[in-house]
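J.: All I have is the shape, not the residue letters:
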């Protein structure tokens, strides 16, 4: 059973989600303040965190910042229905996904499973699988270590969220070629074509900022994205 953490100050939401997710094979711990949520995440190894933006002590963004300072654990933000700015800020700060309240339980479940499926696949690749694939990808002054899921730029580490890593890895594996938008949505985000691709847009913007002028992620209108560098292809 997968252990999840909910940080939300509404006991009714916590009770509802706990009951529903338990029936789907998940164990849910609930914390009602930002500070207690941070402490819980430090004490126990969770597989995913559901984080409400509105909390009584700290904002959800403060909690997310604290979590990201030491961990890339998947985080799904719970936002207000009309608060688009919350979604933008959450994704820019390193959230993996968001869902607006009130939400259908099955939609939340689908988001959780998609994020965990992607994250678990990356962590479980080992042994024979690692021996069969390139351990690193190098282009220009960028090195991607596929075993540790780390990236360096000019030998300096670049902090990537789990989702950002999945995106840049897919682009780097296809250096110089167009990666279709729908393929990237499925492979890097675990989402089908029926999902709104707004999340991909924000993650792509974050990656461009982190790569700066060293590497270009080009948007190919109507198709997808292409990773390019003036210093040669991936090796």
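T.: Yes, it's here. What you are looking at is a predicted structure, and each value in this text was computed from that prediction instead of being measured.

J.: any residues touching whichever strand or helix holds residue 27, and which ones?
T.: Under the criterion of DSSP states H and E, residue 27 resides in strand 26-31. If you take Cβ atoms under 8 Å, 6 or more residues apart in numbering as the criterion, strand 26-31 is touched by 1-8, 11, 14, 17-18, 21-22, 37, 39-40, 44, 46, 112. Bear in mind the C-beta positions are built from the backbone N, C-alpha and C, glycine included.

J.: at 7 Å instead, please
T.: The contact list for strand 26-31, computed with Cβ atoms under 7 Å, 6 or more residues apart in numbering, reads 1-7, 14, 17-18, 21-22, 37, 40.

J.: Give the rounded mean pLDDT of stretch 84-99.
T.: For stretch 84-99, mean pLDDT rounds to 85.

J.: and that stretch, how far from the chain's centre?
T.: Here stretch 84-99 shows a centroid-to-chain-centroid distance of 10 Å under the convention Cα atoms, centre = their mean, to the nearest Å.

J.: Make 10 the starting number, not 1.
T.: Yes, from this point I'll number from 10; that puts the last item at stretch 93-108.

J.: Give me the domain ranges for this structure.
T.: 11-133, 137-237 (automatic domain parsing).

J.: tell me, which of those is the model least confident about?
T.: domain 137-237 has the lowest average pLDDT among these, namely a mean of 82.

J.: wait, doesn't residue 70 sit right on residue 103?
T.: No - checked against Cβ atoms under 7 Å, the pair residue 70 and residue 103 is beyond contact range at 10.2 Å.

J.: what's the nearest residue to residue 37 if we skip its chain neighbours?
T.: Excluding its sequence neighbours, the residue lying closest to residue 37 (Cβ to Cβ, 6 or more residues apart in numbering) is residue 27, at 4.5 Å.

J.: Next one: that neighbour from residue 114, what distance?
T.: Between residue 27 and residue 114 the distance, using Cβ to Cβ, to the nearest Å, works out to 12 Å.

J.: quick one: buried residues of stretch 170-185?
T.: In terms of neighbour count (16 or more other Cβ atoms under 10 Å), stretch 170-185 has its buried residues at 170-184.

J.: Just these: which are in helices?
T.: For those, the ones inside helices are 171-182, with DSSP state H as the criterion.

J.: Please produce a markdown table containing those, extended by distance to residue 125.
T.: Output for these, formatted as a markdown table (distance: Cβ to Cβ, whole Å):
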| residue | distance to residue 125 |
| --- | --- |
| 171 | 10 |
| 172 | 12 |
| 173 | 17 |
| 174 | 15 |
| 175 | 13 |
| 176 | 17 |
| 177 | 20 |
| 178 | 18 |
| 179 | 18 |
| 180 | 23 |
| 181 | 24 |
| 182 | 22 |
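
J.: now, which of those sits nearest residue 235?
T.: Top of the list for closeness to residue 235, among those and by Cβ to Cβ, is residue 180 at 7.6 Å.

J.: Pretty sure the closest one sits against residue 238.
T.: No - applying Cβ under 7 Å, one finds residue 180 not in contact with residue 238, separated by 11.1 Å.

J.: in stretch 23-30, what counts as buried?
T.: Of the residues in stretch 23-30, those scored as buried under the neighbour-count criterion (16+ other Cβ under 10 Å) are 23, 26-27, 30.
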